[in-house]
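Undergrad: quick one: sequence and predicted model below, then my questions.
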Amino acid sequence: MIAQNNVTHLFVGKDVTPTTGSRDALSTGQLGIFKNGATSGTNDALTAGDRFVVAFKDANGQVLMSPEIKYDNIYSKNKTAYAAAAQKVAYVGYNGTSGSITVGNSDIYILRVVLQDPTRTLAEHPLYEYAEYSSDAAATQREIAEGLIENAVYNFTSLKPRKVTVVQPSLVCSSPTNSGDDFVGNFIVVNGSKYATAANSGQYATNTDIAVGDYVRVGATATTAVALTSNVYKIVSISGTTTKTIEFDRPIVEASGTYTSGNYTQVIPTATVDNAAFGIKLTGVALPFEVGKVKYGVLDFEVVLNEAFDATVITEAVAPSKGSGTYQEIAELEAFLSGNRGETYRVASYPVSKLPNATVGDTYNMIVIHYYNDDTQGLDRNVRAYGTLMIATDADSSGTPYASLQTVFGL
């Protein structure tokens, strides 16, 4: 959330080129830069001595104006292009390139994921997820990985009553990818289900029959090629004839869809998997967000292993990031800064009808202008009052709001 020592003004524009017409001609979501005394907007570069205001027609049909700003009094300005948020990804053991889970006979493996939730109360004890498995007297890496993923799926996910999934566990292995080992017919996936169907009698490669105990590597979507970091699932039962119904060891977390013949799936025979290195992949899940009620944040977490894992390596593959110019960021800023335009406490006890300008699914480029006003005269000097102007615009497509504003402000 933004903190402001001085007033901040935010305009959330659409993919519309800033106007060179009048204020009255602004369309909804359109911006305009008007020099002092001018009746028409400009997209030319501002220069020393210019005074200007930014005008904007909001979703409620109102034309909003910034304070008049002296170009000479801008002391800082910057631009930031949209960057997508990123959820954290960490691996225990095999990480798609190297690594493995250390094997120990008759040992207890405990994997903890300590959640570093930015919304938790100061000094509150941290929450954590855990997975546990007791290996047998002739343990294998595959056995330990299967045991850990089974326990993790239950403990980490919404399979457990009244549980919200915030970290998604997956299983990966080092068996090489092979585009020739995909299903011959369509492979139909339903997200959250343990069952999938495969046409052509469930055959793969050169008319090879699938078998219980084989693994299936699944692409992230129906049009995404599999990789060594893709999730693998163990087949526990097969039924049907022309179309096979396949039951896996756990629910499928990939996107629902029809995975056609291609490198979007891969069957890995049991004998191949036996010699593979395994890893547990842990991926952060987007946290709940509600404008003005639930703060926007991206989960961070720390992986802690007990001594049974010994030399098992933890790899942090993707760092968590809130990104820049996401809908959540802009919507949260808009709700907070509405206080600068009359909604002082931001939550009213009476009906407030006001359409937001930030749009779900949109991505925004940002321009931020820091300025001061020194028109107030004190006893012995001018008194400066500081302010900030923030402009978020949809990514340029049919219009050029971002490119035009960069020209105007010399960015």
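TA: Received the coordinates, thanks. Predicted model only: the values in this text are computed from it and were never measured.
Undergrad: what mean pLDDT does the longest helix along the chain have?
TA: Selection of the longest helix in the chain by residue count, based on DSSP state H, yields helix 141-156. Helix 141-156 carries an average pLDDT of 93.
Undergrad: can you name every helix or strand that it contacts?
TA: In terms of contact count using 3 or more Cβ pairs under 8 Å, 6 or more residues apart in numbering; DSSP states H and E, helix 141-156 is assigned the packing partners strand 108-116, strand 127-134, strand 167-173, strand 278-284. Quick note: C-beta positions are derived from backbone N, CA and C, even for glycine.
Undergrad: quick one: buried residues of the second one?
TA: Going back to what we said before, that points to strand 127-134. By neighbour count with 16 or more other Cβ atoms under 10 Å, strand 127-134 contains the buried residues 129, 131-133.
Undergrad: any chance of those in TSV, plus pLDDT and distance to residue 367?
TA: Rendered in TSV, the data for those read as follows (pLDDT from 0 to 100; distance: Cβ to Cβ, whole Å):
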residue	pLDDT	distance to residue 367
129	88	40
131	93	46
132	95	51
133	95	52
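Undergrad: ok, now which ones touch residue 366?
TA: With contacts defined as Cβ atoms under 8 Å, 6 or more residues apart in numbering, the neighbours of residue 366 are 79-80, 324-325, 390-392.
Undergrad: just name the closest of those to residue 223, please.
TA: If you rank these by distance to residue 223 using Cβ to Cβ, residue 325 comes first, at 26.3 Å.
Undergrad: these two touch, right, that closest one and residue 368?
TA: No - assessed by Cβ atoms under 8 Å, residue 325 is found out of contact with residue 368, at 11.5 Å.
Undergrad: what touches both of these two?
TA: residue 80.
Undergrad: quick one on the thing from earlier: ok, and what's touching the longest helix of the chain?
TA: By Cβ under 8 Å, 6+ apart, the residues outside helix 141-156 that reach it are 93, 100-101, 103, 109, 111, 113, 129-136, 159-160, 165, 167-171, 173, 234, 249-251, 273-274, 276-280.
Undergrad: which among those count as buried?
TA: Judged by neighbour count, with buriedness set by 16+ other Cβ under 10 Å, the buried members of those are 93, 100-101, 103, 109, 111, 113, 129, 131-133, 135, 167-171, 173, 234, 249-251, 273, 276-280.
Undergrad: what's the neighbour count on residue 191?
TA: The local packing count at residue 191 equals 11, with neighbours defined by other Cβ atoms under 10 Å.
Undergrad: what's the pLDDT at it?
TA: Reported pLDDT at residue 191 in the predicted model: 94.
Undergrad: let me know the pLDDT of the closest residue to it other than its chain neighbours.
TA: Of all residues beyond its chain neighbours, the one nearest residue 191 is residue 256 (4.5 Å), with distances taken as Cβ to Cβ, 6 or more residues apart in numbering. The confidence metric pLDDT takes the value 95 at residue 256.
Undergrad: ok, residue 256 to residue 331 distance?
TA: 28 Å (Cβ to Cβ, to the nearest Å).
Undergrad: so for the two, which residue has more residues nearby?
TA: Taking residue 256 and residue 331 together and counting by other Cβ under 10 Å, residue 331 has the greater number of neighbours (23 against 13).
Undergrad: run through who's touching the helix or strand containing the more buried one.
TA: When elements are assigned from DSSP states H and E, residue 331 belongs to helix 327-337. The contact list for helix 327-337, computed with Cβ under 8 Å, 6+ apart, reads 1-2, 8-10, 12, 85, 289, 291-292, 295-296, 322-323, 346, 356-364, 390, 392.
Undergrad: can you list the domains in the protein?
TA: Under the assignment automatic domain parsing, the domains of the chain span 7-83+325-409, 89-174+276-318, 179-273.
Undergrad: ranking the ones you listed by mean pLDDT, which is last?
TA: Sorting the domains of the chain by mean pLDDT places domain 7-83+325-409 lowest, at a mean of 85.
Undergrad: next one: it to chain centre, how far?
TA: 26 Å (Cα atoms, centre = their mean, to the nearest Å).
Undergrad: for that domain, measure first residue to last.
TA: The separation between the terminal residues of domain 7-83+325-409, taken as Cα to Cα, to the nearest Å, is 20 Å.
Undergrad: kindly report the same for stretch 153-164.
TA: Taking Cα to Cα, stretch 153-164 runs 12 Å from one end to the other.
Undergrad: go on, stretch 307-320?
TA: OK, stretch 307-320 end separation, Cα to Cα: 27 Å.
Undergrad: now do it: everything it contacts.
TA: By Cβ under 8 Å, 6+ apart, the surrounding residues in contact with stretch 307-320 are 86-93, 95-96, 99-102, 104, 107-111, 135, 229, 284, 298-300, 303, 305.
Undergrad: what residues sit buried inside stretch 186-204?
TA: Residues 186-189, 196-200, 202-204 are the ones in stretch 186-204 that count as buried (16+ other Cβ under 10 Å).
Undergrad: can you name the two of these that are farthest apart?
TA: Spatial extent of the buried residues of stretch 186-204 (Cβ to Cβ) is set by the pair 189 and 203 at 17.5 Å.
Undergrad: tell me the spacing between residue 201 and residue 266.
TA: Counting by Cβ to Cβ, the gap between residue 201 and residue 266 amounts to 18 Å.
Undergrad: let me fix that, I meant to ask about residue 193.
TA: Between residue 193 and residue 266 the distance, using Cβ to Cβ, works out to 20 Å.
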